[in-house]
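Asks: A predicted structure for the sequence below; I have some questions about it.
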Amino acid sequence: MLLKEITALPPAHLTSLEICAGAGGQALGLERAGFTPVLLIDSDENSCKTLQLNRPRWEVLRTDVLDFDPEEYPTTYDVDLLAGGLPRVRSAATVLRPERGRERELLEAAVWLAHSVQPRAILLENVPDLATSEKFEGIRAWMADNLAHVGFRITWRVLDAADFGVSQHRKQAFLVALREREFPLFQWPEPSGESPRTVGELLGPSMASGGWPGAAAWAAKADTLAPAIVGGSANRGGADLGPSGTKRAWERLGVNGNSIADGIPGPDFPPESLPKLNVRHAAMIQGFPDQWRFFGRKTSVYRQVGHASPPPVAEAVGRSIAAALTTYPQADHPPSAVGESTRGPRTG
């Protein structure tokens, strides 16, 4: 069956629990794929308010995933999908150091939740190196072993958002885990075949809407896809478009990446000058719809946008998971495939 035929099918009605939900990029994509969240968890206040602003019916919990106790939220048991866009692992040393960094703790927490809530499938997203680098082989083996302990088989794949109609080259690593019966039915989504709009095509109308006389020439020059939108750390200063190399890439597109604009260039903005992106521009490049609103001040909103998983990519992966889960009627599954305790993962 062709991908276009698959994506044209009506979405399934499935449930999800999402951790590290952020501003909802992954949740929005999964919603389009047929998943209704029973609970979304994030520790950032503004991100939680963004979720509630757009989907008042969703139950959103502001807490650290490490403090979450599913016994207090029984609706999370036996969900169809446990999903999460976990904080980016920065290096193998960060993950494997003896005292364990926060990134490692959250990876462990995701595995622990799989033991506790017993989902039918798992979807975790992170940096490409986590899936491909030999330096992360140990943590991949640890995750595979502990998920196999409760009956899951896993597969990793690096996907580029540009292959799914998003106007940027943004590579993401995804882990998908399913139980023995559904695992052979899962197929990674193929590129959509849709050519993404260039930065100029996507943002040109907005750049021209304030009367800037240089908008048409700028849009013609910005004739490639964007580099990845980078959210940055909450521990650093204001919002900008990333490290120096990324800023140079933006400059080649005619964009000043030193900061984020409050609005759009007006009629007095010099035609030859480099405009800055605003937060709505960044959201458009990430694949968010115009209707999706963000709560908070500029720096907070830009970080929410930059840390998000592009909704079209999450939708594509979510539809593949939904197809595997709905091929057969749902069957009851035991708490553990090997009859052992599911209180938490093994750490040895």
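Replies: Perfect, thanks for sending it.
Asks: quick one, domains of the protein?
Replies: Domain ranges of the chain: 3-193+309-326, 199-306, per automatic domain parsing.
Asks: Please name the nearest non-neighbouring residue to residue 203.
Replies: Nearest non-adjacent residue to residue 203, counting by CB to CB, 6 or more residues apart in numbering: residue 281, 5.4 Å away. All C-beta spots, glycine's among them, are computed from the backbone N, C-alpha and C.
Asks: The one you found - how many residues pack around it?
Replies: Look at residue 281: counted by other CB atoms under 10 Å, it has 23 neighbours.
Asks: next structured bit after the host helix or strand of it?
Replies: Counting by DSSP states H and E, the element that carries residue 281 is helix 279-285. Next in sequence after helix 279-285, counting helices and strands by DSSP H and E, comes helix 298-307.
Asks: Strands along the protein, start to end?
Replies: Ranges of strands within the chain are 14-19, 35-42, 60-62, 81-85, 121-126, 152-160, 171-179, based on DSSP state E.
Asks: Deepest-packed of these, please.
Replies: strand 81-85 (a mean of 26; mean count of other CB atoms under 10 Å).
Asks: Report the strands that pair with that one, each with its relative direction.
Replies: Here strand 81-85 is paired, per DSSP bridges, with strand 14-19 (parallel), strand 121-126 (parallel).
Asks: Turn the strands of the chain into a markdown table, including mean pLDDT and distance to residue 218.
Replies: Putting the strands of the chain into a markdown table (pLDDT from 0 to 100; distance: least, CB to CB, whole Å) gives the following:
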| stretch | mean pLDDT | distance to residue 218 |
| --- | --- | --- |
| strand 14-19 | 98 | 38 |
| strand 35-42 | 98 | 36 |
| strand 60-62 | 98 | 39 |
| strand 81-85 | 96 | 32 |
| strand 121-126 | 97 | 33 |
| strand 152-160 | 98 | 26 |
| strand 171-179 | 97 | 27 |
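Asks: quick one, what contacts the residue nearest to residue 124 when sequence neighbours are not counted?
Replies: If the residues on either side of it in the chain are set aside, residue 124 comes closest to residue 175, at 4.4 Å by CB to CB, 6+ apart. Going by CB atoms under 8 Å, 6 or more residues apart in numbering, residue 175 touches 122, 123, 124, 125, 126, 131, 143, 154, 155, 156.
Asks: From what I see, the third one and residue 83 are in contact.
Replies: Yes - under the criterion of CB atoms under 8 Å, residue 124 is in contact with residue 83, at a separation of 7.4 Å.
Asks: coming back round to it: is it possible to export the strands of the chain to CSV including distance to residue 135?
Replies: As requested, these are exported to CSV (distance: least, CB to CB, whole Å):
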stretch, distance to residue 135
strand 14-19, 25
strand 35-42, 28
strand 60-62, 33
strand 81-85, 21
strand 121-126, 14
strand 152-160, 15
strand 171-179, 13
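Asks: returning to that earlier point: and the residue nearest to residue 203, how far from residue 318?
Replies: Taking CB to CB, to the nearest Å as the measure, residue 281 falls 26 Å from residue 318.
Asks: quick one, helices of the protein?
Replies: 3-8, 25-32, 45-54, 92-96, 102-117, 128-132, 137-148, 199-208, 215-221, 244-252, 279-285, 298-307, 311-326 (DSSP state H).
Asks: How many residues are close by residue 279?
Replies: Residue 279 has 23 neighbours, counted by other CB under 10 Å.
Asks: ok, and the closest non-adjacent residue to it?
Replies: residue 301 (4.7 Å).
Asks: List the residues that contact the one you found.
Replies: So residue 301 contacts 46, 279, 294, 295 (CB under 8 Å, 6+ apart).
Asks: Residue 51 too?
Replies: Counting by CB under 8 Å, 6+ apart, residue 51 has contacts 21, 23, 24, 27, 40, 42, 58, 60.
Asks: wait, which of these is closest to residue 181?
Replies: Distance to residue 181 across the contacts of residue 51 (CB to CB) is lowest for residue 27, with 26.4 Å.
Asks: pLDDT value on the closest one, please?
Replies: What the model reports as pLDDT for residue 27 is 98.
Asks: again, but for residue 328
Replies: 74.
Asks: now do residue 149
Replies: At residue 149, pLDDT is 94.
Asks: Next, give phi and psi for it.
Replies: phi -60, psi -30 (degrees, to the nearest 10).
Asks: and it, how many residues sit next to it?
Replies: Neighbours of residue 149 (other CB under 10 Å): 19.
Asks: How about residue 194?
Replies: 13.
Asks: And residue 263, by the same measure?
Replies: 9.
Asks: What separation do you get for the residue in the chain sticking out farthest from the centre and residue 214?
Replies: Distance from the centre of the chain peaks at residue 268, with 37.9 Å (CA atoms, centre = their mean). Distance of residue 268 to residue 214, computed by CB to CB: 11 Å.
Asks: Likewise for residue 301?
Replies: Taking CB to CB, one finds residue 301 at 26 Å from residue 214.
Asks: Surely residue 111 touches residue 147?
Replies: Yes - at 6.3 Å, residue 111 counts as touching residue 147 under the criterion of CB under 8 Å.
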